[in-house]
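Engineer: The following block contains a protein sequence and its predicted model.
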Amino acid sequence: MTGSYTENSVKRKTSPATYFAKFGIILMVVVLFAFGFLINQQLIVIGSIALGCVAGYVLFPRFSAEYEYIFCDGQIDFDRINGGESRKHILRVDLDNVEVLAPETSHELDKYNNSNIKVRNFSSHDPNAKKYCIVTSDEANRVKIIFEPSEKMLELAKAKSPRKVIIE
């Protein structure tokens with residue numbers, strides 16, 4: 001087998017907004033339940049229980065996300081895993097179409113920071129993590145992708161496109 005393959009995954013850091021949203025949903029369900037119970041409306045009580053079940057089964061797993069990067073023969077796939085169960089393929093980037101892959105703090109990215117460029121963040125949102133950026137063209141628009149690759153992924157990308165990949 002002559003192909004190159006590696007994968008890496010990072011868990012997204014839970015933000016205070018996530019905790020606030022979870023608390024708001026739980027508070028809404030409890031208030032609806034208590035209101036329906038106090039006015040003796042069984043429909044509101046059943047509706048609040050159903051809302052709680054839907055929130056627990058559908059909404060809460062979306063709050064704990066994990067991103068997986070798969071490098072295979074010059075292509076990087078970005079997948080999102082919600083709640084450790086459901087996987088969704090988000091994006092595929094071919095290194096042949098990449099303009100630059102560099103650390104987030106690199107001066108190679110300065111010319112792309114001031115332009116009107118779409119940013120997609122697939123990192124853990126941890127300020128201490130070592131993040132890299134890919135600048136690529138998506139049809140007519142440029143896209144800046146922020147992610148946290150492993151050392152092996154960077155080495156394989158550098159071997160595939162040595163002029164486009166900057167490792168510090």
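Structural biologist: Perfect, I can see it now.
Engineer: what bridges to the closest residue to Lys11 other than its chain neighbours?
Structural biologist: Leaving out its chain neighbours, the residue that sits closest to Lys11 by CB to CB, 6 or more residues apart in numbering is Glu66, at 4.8 Å. Just so you know, the C-beta spots here come from the backbone N, C-alpha and C atoms, and that holds for glycine as well. Beta bridges link Glu66 to Lys11, Ile81, judged by DSSP bridges.
Engineer: Look at Glu66 and say how many residues are nearby.
Structural biologist: Look at Glu66: counted by other CB atoms under 10 Å, it has 16 neighbours.
Engineer: repeat for Ile145
Structural biologist: Ile145 has 24 nearby residues by other CB under 10 Å.
Engineer: For it, which residues count as its bridge partners?
Structural biologist: Counting by DSSP bridges, Ile145 forms beta bridges with Arg120, Ile134.
Engineer: pLDDT wise, what is it at?
Structural biologist: Model confidence at Ile145, given as pLDDT, is 95.
Engineer: shouldn't it be in contact with Arg120?
Structural biologist: Yes. Between Ile145 and Arg120 there is a contact under CB atoms under 8 Å: 5.0 Å.
Engineer: Which residues are in contact with each of those two?
Structural biologist: Residues within reach of Ile145 and of Arg120 at once, by CB atoms under 8 Å, 6 or more residues apart in numbering, are Leu91.
Engineer: still on that earlier bit, contacting residues for the residue nearest to Lys11?
Structural biologist: Under the criterion of CB under 8 Å, 6+ apart, the neighbours of Glu66 are Ser9, Val10, Lys11, Arg12, Arg80, Ile81, Gly84.
Engineer: now swap in Ile117 and tell me
Structural biologist: Counting by CB under 8 Å, 6+ apart, Ile117 touches Val135, Asn141, Arg142, Val143, Lys144.
Engineer: Distance-wise, check the first one relative to Val93.
Structural biologist: In this structure, Val135 and Val93 are separated by 10 Å, where distance is defined by CB to CB, to the nearest Å.
Engineer: ok, of the contacts of Ile117, which come out buried?
Structural biologist: Buried by 16 or more other CB atoms under 10 Å: Val135, Val143, Lys144, out of the contacts of Ile117.
Engineer: and these as CSV, adding distance to Ala102?
Structural biologist: Compiled in CSV, the buried ones among the contacts of Ile117 are given as follows (distance: CB to CB, whole Å):
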residue, distance to Ala102
Val135, 8
Val143, 15
Lys144, 11
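Engineer: pLDDT at the residue nearest the centre of the chain, what is it?
Structural biologist: In the chain, the residue lying closest to the centroid (CA atoms, centre = their mean) is Phe122, at 3.7 Å. You'll see Phe122 listed with a pLDDT of 96.
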